[in-house]
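> fold the following and give me the result.
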Amino acid sequence: MTEETLAERDLEPYTTAPPHAHVKDVPDTRHWLVLTAEDGQPRAVIPPDGLDGQRPEAELSALTGVLTGFVKAHPTTTVTHALNTGAFRTLDPDTPVVLCDERGVVGVWAGFDLADAILRGPARVVGDTKLPGRIDIPVVTRLCRVCGSAMTFTEKPAGPVACTGRPPHDFGW
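Got it, this is the predicted structure:
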């Protein structure tokens, strides 16, 4: 019996773009928009229709009011394993999960299917004792509410954390 992976869930339509692209460059604003670095890995996410009302010449990375945090996970991670990690235990059901492999973004898990999985929690199955072949720890990427710097965590910190942005300050979760 094989366990369902994150890639086998009900994934949402998405588009990728570099952070320096402009609103007018996005082909479909009704999909999740994942801003990616040169290596293809995600840096920020804009929800569907998040570009509505934005100026066409606005640079995507400057739209701090619509950029959202996300969880980054490998597509072959099992749902049970993911839901048992710190990144998922405190996950807000509105936060998207960006699935990435070595090449870059391969999917976005969000919406009702993700919310349902979080609310139901991890399920143990009879015979769920084998070690998985690949173990990836999902991480949460959030933008500081003070300066907009992105930071990555394995779970939500219990207390204040120093932000990497300037000037020195506590990260605004």
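
> need the residues that contact the helix of greatest length in the chain.
Taking DSSP state H as the assignment, the helix of the chain that covers the most residues is helix 112-120. By C-beta atoms under 8 Å, 6 or more residues apart in numbering, the residues outside helix 112-120 that reach it are R9, D10, V79, L83, F88, L91, P93, D94, P96, V97. In short, each C-beta sits where N, CA and C put it, glycine included.

> by neighbours, which of those wins?
Note: the member of these with the most neighbours is V97, at 28 neighbours, neighbours being other C-beta atoms under 10 Å.

> and the helices in this protein, which stretches?
Counting by DSSP H, the helices of the chain are 79-83, 86-89, 112-120.

> so which of the ones you listed comes closest to F70?
When these are ranked by proximity to F70, the top entry is helix 86-89, at 10.1 Å, counting by C-beta to C-beta.

> mean confidence score for the closest one?
Here helix 86-89 scores 83 as its mean pLDDT.

> tell me what that helix is packed against?
Contacts defined by 3 or more C-beta pairs under 8 Å, 6 or more residues apart in numbering; DSSP states H and E place helix 86-89 against strand 70-73.

> quick one: mean pLDDT for the strand it packs on?
Here the mean pLDDT over strand 70-73 is 92, rounded to a whole number.

> ok, back up a step: okay if I get the contacts of helix 112-120 as JSON lines plus distance to D49?
Converted to JSON lines, those look like this (distance: C-beta to C-beta, whole Å):
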{"residue": "R9", "distance to D49": "22"}
{"residue": "D10", "distance to D49": "19"}
{"residue": "V79", "distance to D49": "27"}
{"residue": "L83", "distance to D49": "28"}
{"residue": "F88", "distance to D49": "25"}
{"residue": "L91", "distance to D49": "22"}
{"residue": "P93", "distance to D49": "18"}
{"residue": "D94", "distance to D49": "14"}
{"residue": "P96", "distance to D49": "14"}
{"residue": "V97", "distance to D49": "19"}
